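1. coords please:
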Amino acid sequence: MQFKDLKIIEPILKALKENQYITPTPIQQQSIPLILNRRDILGSAQTGTGKTAAFAVPILQHLYNDRHKNNGRRIIRALIVTPTRELAIQIDESFSSYGRYTGLKNTVVFGGVNQGPQTTLLNRGVDILTATPGRLLDLMNQGFISLKDIEYFVLDEADRMLDMGFINDIKKIIAKLPVKRQSLYFSATMPDTIVELSKKILNNPVKVNVSPVSSTAETIRQYLYYTNRADKNNLLIHILQDAAINQVLIFSRTKHGADRIARNLKKKKIRAEAIHGDKSQNQRQKALSMFKERKVRVLVATDIAARGIDIDKLRFVINFDIPNVAETYVHRIGRSGRAGEEGVAISICEPEENVYIKDIEKLINREIEVVTDSPYPQTDKPMTNSEKKEWEKEKQRRKREFFANRKPKQGRFLRK
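-> Numbering: from 1, shown residues only. Here you go, the predicted structure:
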């Protein structure tokens, strides 16, 4: 099946072709016809399967077909609520891209920046609004945004929304929506709290589940290094000696850790930037833009960005720290191998994180391939001070021998 078989109108189909969208992903193939038939959707799909196009394309088509009903007035008729600024911006960019020939207007609002430019665009009139919950409620309270004309409502990354404490904000937003509307509800996981919330939003929804909950995409090959905490930085440098890893997203558990990793990489002449919640919006967007444009090779992020970063054709993700919540691993590595593309996920595990790996493998129902030819192997048990000294000597000897006899193969993580 191709997009042209989904009864998509020509202005949108033309834009999809220009974006080289030919074959729809499973979530797109199942959701688009249902949304075009004005059914509510309860969608469960793993990160990176193309959910944005699954709801953006049919919403654009509905709005385009009904564009004359408001006598030329631009009012907000479609609302997409999502948890992070980065994700909101990228969803808005997707609407701009898919709808470039429709004449529809879209914009995005999010916190952490001056609201002036956002309210200016709102005052000019928009058809589609993407928003984070806090800024949306703030602008509603100030009278800049009314939800009384909303016909299409999307709650994206619902589980992440609840994880970040937005449940009360979401309830306030829902209370202001018209009863008569089409609602689309997407979430990577479906815990009981998510299902209960969906009952308050959706009307006789169709369930779309394109993959097992919290599974990893088959297009992502996963590798695991066991090492010691003190050796993680050196091992990371060793991995990045592979020239084929020309663009990589690295995940750190903490904000300070992300900054430290970026600093260490810069000292080794590796272009890197960090992105996390303590950075200003301008800093985050600048770092993200530089990464997308390949002006920096490495972007180091905390989990706040795990679902907020969408880099076209990103192949490599590295877990510098193993997440202590197994589902987070799925969200992280889902930044690569998106929409059918191949991806590679590399994890660096210290002894204290071994138990997290077991939880992850249980969740994804597979063993992660262990890389054994490492110059920085993990020790099996705690050592005494004298044993540590001897081990350091032995490790240095092994490292000299390793690098004397073998250079990292360029593209070792890529298929021949």
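2. can you pull out the strands in the chain?
-> Assigned by DSSP state E, the strands in the chain fall at 41-44, 78-81, 106-109, 128-131, 152-155, 182-187, 206-209, 220-226, 248-251, 272-275, 298-301, 316-319, 343-349, 369-370.
3. any stretches of the stretch 251-400 of the chain with poor pLDDT?
-> 277, 304-309, 338-340, 380-391, 394-395, 397-400 (pLDDT under 70).
4. redo that, cut-off 80
-> Counting by pLDDT under 80, the ranges of the stretch 251-400 of the chain that qualify are 277-281, 303-313, 325, 327, 337-341, 379-400.
5. what segments of it are helices?
-> With helices called from DSSP state H, counting those that start in this stretch, the stretch 251-400 of the chain shows them at 255-267, 281-292, 326-333, 354-364, 385-405.
6. chain neighbours aside, what residue packs nearest to residue 353?
-> Spatially, and ignoring its direct neighbours in sequence, residue 353 is nearest to residue 322 (4.0 Å; C-beta to C-beta, 6 or more residues apart in numbering). Just so you know, the C-beta spots here come from the backbone N, C-alpha and C atoms, and that holds for glycine as well.
7. that neighbour reaches residue 346, doesn't it?
-> No - between residue 322 and residue 346 there is no contact under C-beta atoms under 8 Å: 11.5 Å.
8. could you name every residue contacting both of these two?
-> Residues touching both residue 322 and residue 346 (C-beta atoms under 8 Å, 6 or more residues apart in numbering): there are none.
9. dump the residue contacts of the residue nearest to residue 353.
-> Contacts of residue 322 by C-beta under 8 Å, 6+ apart are 329, 347, 348, 349, 350, 353, 356, 357, 360.
10. now the strands of the chain in a markdown table, with distance to residue 3 and mean neighbour count?
-> What follows is the strands of the chain, written out as a markdown table (distance: least, C-beta to C-beta, whole Å; neighbours: other C-beta atoms under 10 Å):
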| stretch | distance to residue 3 | mean neighbour count |
| --- | --- | --- |
| strand 41-44 | 18 | 24 |
| strand 78-81 | 20 | 25 |
| strand 106-109 | 20 | 24 |
| strand 128-131 | 20 | 27 |
| strand 152-155 | 20 | 24 |
| strand 182-187 | 19 | 23 |
| strand 206-209 | 17 | 16 |
| strand 220-226 | 24 | 21 |
| strand 248-251 | 28 | 26 |
| strand 272-275 | 32 | 25 |
| strand 298-301 | 30 | 26 |
| strand 316-319 | 28 | 25 |
| strand 343-349 | 23 | 25 |
| strand 369-370 | 35 | 12 |
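11. thinking residue 49 is in contact with residue 217, fair?
-> Yes - assessed by C-beta under 8 Å, residue 49 is found in contact with residue 217 at 7.3 Å.
12. burial of residue 177, as a residue count?
-> 16 (other C-beta atoms under 10 Å).
13. quick one, what contacts it?
-> 79, 147, 150, 153.
14. for these, which one is nearest residue 242?
-> Of all the contacts of residue 177, residue 242 sits closest to residue 79, with 43.8 Å by C-beta to C-beta.
15. ok, the closest one - contacts?
-> For residue 79, the contact set (C-beta under 8 Å, 6+ apart) comprises 128, 129, 130, 131, 147, 150, 152, 153, 154, 177.
16. nearest to residue 310 among these?
-> residue 130 (13.2 Å).
17. residue 12 contacts residue 58, doesn't it?
-> No - Residue 12 is beyond contact range of residue 58, at 9.2 Å (criterion: C-beta under 8 Å).
18. which one's more surrounded, these two?
-> For residue 12 and residue 58, the more surrounded residue by other C-beta under 10 Å is residue 58, and the numbers stand at 27 against 22.
19. would you list every one of the helices in the stretch 101-250 of the chain?
-> In the stretch 101-250 of the chain, the helices defined using DSSP H, counting those that start in this stretch lie at 116-124, 133-141, 158-163, 167-175, 192-201, 232-240.
20. sort out which residues of the second one are buried, please.
-> It stands for helix 133-141. 133, 135, 136, 137, 138, 139, 140 (16 or more other C-beta atoms under 10 Å).
21. now the fifth one: how far from residue 109?
-> Between residue 138 and residue 109 the distance is 9 Å, computed by C-beta to C-beta, to the nearest Å.
22. give me the common contacts of these two.
-> By C-beta under 8 Å, 6+ apart, the residues touching both residue 138 and residue 109 are residue 115.
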